[in-house]
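**Q** Next come a sequence and a model predicted from it.
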Amino acid sequence: MQKDDRPHLTRRAFVQRAAIVLGSLITVACGAGNTGTKTPTAGVSPTRIANTPSPKPPLVPTPTPAVRPSEQVVYVDNLHANADDANVGTQDRPLKTIGKAAAIAADNTQQSIGTRVLIAPGIYRESVSLQPKGGRTNAPISFRATTNGATIIAGSDVWGGWRKQGATQVYTHAWPYTWGLAPYPPGWQGNVDLKPIVRRREMIFVNGAALTQVLSSDTLKEGTFVVSEQSSMVSLVPPAGVQIENATVEVAVRAGIFAVEGIQNLTVSGLVFMHDNTPVGGTAVTFTNCTNGVVEDCQFLWNNWAGMTFQSSVPRISQGMIARRTIANHNGGIGLAAARIKDVLYEDNETSYNSWRAAQGKMAMWSNGGMKHLFVHGGIYRRHRAVGNDAPGCWFDTDCTDIEIEQAFFCENDGPGLFIEASQGPTSVTDCTICHNRRDAGLFSHGGSDVTLHGNILYGNGDAQIGVVKGARPIQNWETNAALKINPERWTMQKNIIVGTDTAPRLADIADGTRFFSTFDSDENTWYSPKKSGVFVIDEKGLDFATWRSVSGRDANSQFVDPRFVDSAHNDFHLRDDSPLRNG
């Protein structure tokens with residue numbers, strides 16, 4: 001048998017190649033313009049050749065079957081004078097709703113016709129669902145804002161008719177909903193205590209600013225509201241200086257504002273998704289069992305729980321999905337979520353200031369965070385930013401393998417900047433900055449193996465810069481069903497700068513040191529803490545740098561020296577001119 005010397009395609013190469021191919025396909029599809037494929041001209045009878053002995057009867061042209069257009073362009077503009085869902089969606093007679101355009105796209109894909117939906121600026125107060133009506137086809141579908149950031153799909157409606165209560169600043173309105181407390185999501189009962197405020201789903205915005213929900217009228221104050229389902233009434237006190245009579249009051253009334261299932265070759269671009277009131281554990285925008293899709297230049301803002309999710313319902317799988325240049329900020333639980341996905345690319349995204357709903361119920365470290373991903377098999381995360389979340393900045397939880405994190409910035413989160421849990425790896429963290437995170441460690445691991453840290457800066461994190469917890473974590477590979485037991489093993493650290501401060505002096509906190517150091521490799525790092533002694537903790541014993549070297553048997557070419565950053569208090573980690581690392 002002939003030997004195959006061709007290089008094997010790595011998962012990273014596969015993801016990158018898929019992204020390039022998918023981008024090319026989208027470019028071709030989008031470049032088709034507004035005109036479908038032209039129907040060929042019917043055949044013309046050949047000219048009779050002179051001196052033909054016996055003329056033949058003239059040929060009768062055979063009618064050419066009509067050729068379906070390769071793409072239909074559909075316009076949506078709810079502010080257009082002629083907008084109507086009874087239209088076919090031309091530019092001068094556009095559709096009124098995005099939901100109608102989704103229905104047209106679902107019909108087209110069954111006929112292998114692509115659909116490009118162009119959506120004009122405006123607020124579209126609706127829920128959109130896109131599902132194939134038969135087997136999946138390769139016909140591309142795109143939903144594109146004609147102006148990025150100006151097309152909004154909102155789960156809220158504008159409410160007028162608020163009544164002022166006497167001389168107070170309290171305003172009331174009839175409340176028709178009886179949502180009550182949301183049930184615990186599957187598997188949560190007994191594992192986490194969900195306070196009543198976490199199980200609520202009501203949201204109100206005044207002139208775009210979110211009011212804070214309280215649970216009793218006694219606690220009403222400026223910028224808050226309370227719902228009484230018993231009396232079918234909602235009461236609010238506007239922020240200081242706001243007159244409700246002249247304000248825009250938006251009340252979140254819809255859940256699941258954009259749901260896609262089983263679609264291939266889908267692009268969603270330039271849209272804003274906000275005010276979805278899906279309760280705890282749910283998501284405003286979901287892509288389920290989708291393949292080769294792109295979500296780009298979108299925003300997911302002020303939704304009650306998660307902003308956007310890629311997910312699979314096994315045995316179906318979401319694979320080859322891309323999220324780029326998205327902003328998922330100010331969501332109640334999670335910015336970007338993911339579960340059971342393969343070969344994905346996330347680049348240039350931001351998930352900041354999330355988990356406010358969970359924080360109101362003092363819910364920490366349970367299915368919340370700037371980004372919370374689990375069961376990910378093959379993922380590249382490039383230039384991600386997570387700042388100011390009331391939870392971990394970025395959390396890889398359970399059965400995550402072949403993960404590459406590059407040039408990320410995880411800072412000022414109320415939890416670890418990066419949390420690696422119950423994941424077999426390999427996980428590589430390269431050229432990232434993890435700083436000023438307030439809970440646990442900057443990089444925290446409970447059951448993470450095969451982790452490589454290269455060229456990172458870890459600075460001023462609350463408990464320690466790097467924390468590794470003792471104990472095996474049993475997991476099951478969701479693709480193979482293989483049972484695994486994950487221990488903190490096979491860690492590699494090279495060329496990192498790891499610095500503590502007066503208020504956060506500890507550099508590393510390693511439990512189960514014997515097991516950890518038996519497979520540990522570390523060198524050419526810069527370590528520093530102003531405290532110097534006791535800043536390396538192994539099995540709860542504080543050590544200095546020399547003893548760390550002796551116990552670990554590593555870091556022979558590393559140094560313990562202040563790197564002298566320009567302004568580390570304000571996250572400027574450039575080296576000063578007098579830094580000892582400039583010539584190091």
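**A** Nice, thanks for sending it over. Numbers count the residues shown, from 1 in each chain.

**Q** which residues sit in contact with the spatially most central residue of the chain?
**A** Nearest to the geometric centre of the chain sits residue 336, at 2.3 Å (C-alpha atoms, centre = their mean). By C-beta atoms under 8 Å, 6 or more residues apart in numbering, residue 336 lies in contact with 300, 306-309, 323, 326, 328, 346, 349, 351, 370-373. C-beta: built from backbone N, CA, C; applies to glycine.

**Q** ok, then the element right after the helix or strand of the chain with the lowest mean pLDDT?
**A** Ranking every helix and strand in the chain by mean pLDDT, DSSP states H and E puts helix 11-30 at the bottom, with a mean of 46. Using DSSP states H and E, the helix or strand that follows helix 11-30 in sequence is strand 71-76.

**Q** So which elements touch that following strand?
**A** helix 98-109, strand 114-119 (3 or more C-beta pairs under 8 Å, 6 or more residues apart in numbering; DSSP states H and E).

**Q** And the longest one, what does it pack against?
**A** Pointing back at helix 98-109 there. So helix 98-109, by 3+ C-beta pairs under 8 Å, 6+ apart, packs with strand 71-76, strand 114-119, strand 128-130, strand 141-145.

**Q** List the residues that contact the nearest residue to residue 274 once chain neighbours are set aside.
**A** In space, and not counting its chain neighbours, residue 274 is closest to residue 301: 4.6 Å by C-beta to C-beta, 6 or more residues apart in numbering. Counting by C-beta under 8 Å, 6+ apart, residue 301 touches 272-274, 307, 327-331.

**Q** what are the ranges of the helices in the stretch 451-584 of the chain?
**A** 513-518, 545-552 (DSSP state H, counting those that start in this stretch).

**Q** got the contact list for the shortest one?
**A** Under the contact criterion C-beta under 8 Å, 6+ apart, helix 513-518 has outside partners 468, 487-489, 491, 510, 538-539, 551-554.

**Q** now swap in stretch 181-189 and tell me
**A** With contact meaning C-beta under 8 Å, 6+ apart, stretch 181-189 is reached by 194, 196, 199-201, 279-282, 366-367.

**Q** Dump these into JSON lines; add pLDDT as well.
**A** Listed next are these as JSON lines, based on pLDDT from 0 to 100:
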{"residue": "194", "pLDDT": "97"}
{"residue": "196", "pLDDT": "98"}
{"residue": "199", "pLDDT": "98"}
{"residue": "200", "pLDDT": "98"}
{"residue": "201", "pLDDT": "98"}
{"residue": "279", "pLDDT": "98"}
{"residue": "280", "pLDDT": "98"}
{"residue": "281", "pLDDT": "97"}
{"residue": "282", "pLDDT": "97"}
{"residue": "366", "pLDDT": "92"}
{"residue": "367", "pLDDT": "92"}
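
**Q** which one of those residues has the most neighbours?
**A** Neighbour counts for the contacts of stretch 181-189 peak at residue 280, which has 26 neighbours (criterion: other C-beta atoms under 10 Å).

**Q** Surely that residue touches residue 355?
**A** No. Counting by C-beta atoms under 8 Å, residue 280 stays clear of residue 355, with 11.4 Å between them.

**Q** Now do the shared contacts for those two.
**A** Residues touching both residue 280 and residue 355 (C-beta under 8 Å, 6+ apart): residue 333.

**Q** Let me know the pLDDT of the residue nearest to residue 115 when sequence neighbours are not counted.
**A** Excluding the flanking residues, the one nearest residue 115 by C-beta to C-beta, 6+ apart is residue 105, at 3.8 Å. At residue 105, the pLDDT value in this model is 96.

**Q** swap in residue 132?
**A** pLDDT, read off for residue 132, is 85.

**Q** right, and the secondary structure at it would be what?
**A** Secondary structure for residue 132, judged by DSSP: H, G, I helix; E, B strand; the rest coil, is coil.

**Q** Using a markdown table, lay out the helices of the stretch 451-584 of the chain together with mean pLDDT and mean neighbour count.
**A** Output for the helices of the stretch 451-584 of the chain, formatted as a markdown table (pLDDT from 0 to 100; neighbours: other C-beta atoms under 10 Å):
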| stretch | mean pLDDT | mean neighbour count |
| --- | --- | --- |
| helix 513-518 | 95 | 15 |
| helix 545-552 | 97 | 17 |
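
**Q** For residue 340, find the nearest of those.
**A** Comparing the helices of the stretch 451-584 of the chain by their distance to residue 340 (C-beta to C-beta), the top pick is helix 513-518, with 29.5 Å.

**Q** quick revisit: look up how far residue 240 lies from the residue nearest to the centre of the chain.
**A** 34 Å (C-beta to C-beta, to the nearest Å).

**Q** do the same with residue 198
**A** 27 Å.

**Q** These two - which one has more neighbours?
**A** Neighbours were tallied for residue 198 and for residue 240 using other C-beta under 10 Å; the higher tally belongs to residue 198 (24 against 8).

**Q** Could you tell me the end-to-end distance of stretch 250-259?
**A** Across stretch 250-259, the terminal residues are separated by 22 Å (C-alpha to C-alpha, to the nearest Å).

**Q** how far does that stretch sit from the chain's center?
**A** Computed by C-alpha atoms, centre = their mean, to the nearest Å, the separation of stretch 250-259 from the middle of its chain amounts to 18 Å.

**Q** ok, back up a step: please convert the contacts of stretch 181-189 to TSV, extending it with secondary structure and distance to residue 139.
**A** Shown next, in TSV, are the contacts of stretch 181-189 (DSSP: H, G, I helix; E, B strand; the rest coil; distance: C-beta to C-beta, whole Å):
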residue	secondary structure	distance to residue 139
194	coil	42
196	coil	47
199	coil	41
200	coil	41
201	coil	36
279	coil	35
280	coil	36
281	coil	33
282	coil	29
366	coil	41
367	coil	36
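
**Q** out of these, who's nearest residue 257?
**A** Nearest to residue 257, judged by C-beta to C-beta, of the contacts of stretch 181-189 is residue 282 at 11.1 Å.

**Q** burial count for residue 253?
**A** Counted with other C-beta under 10 Å, the neighbours of residue 253 add up to 18.

**Q** I meant to write residue 474 there.
**A** Residues lying near residue 474 (other C-beta under 10 Å) number 10.
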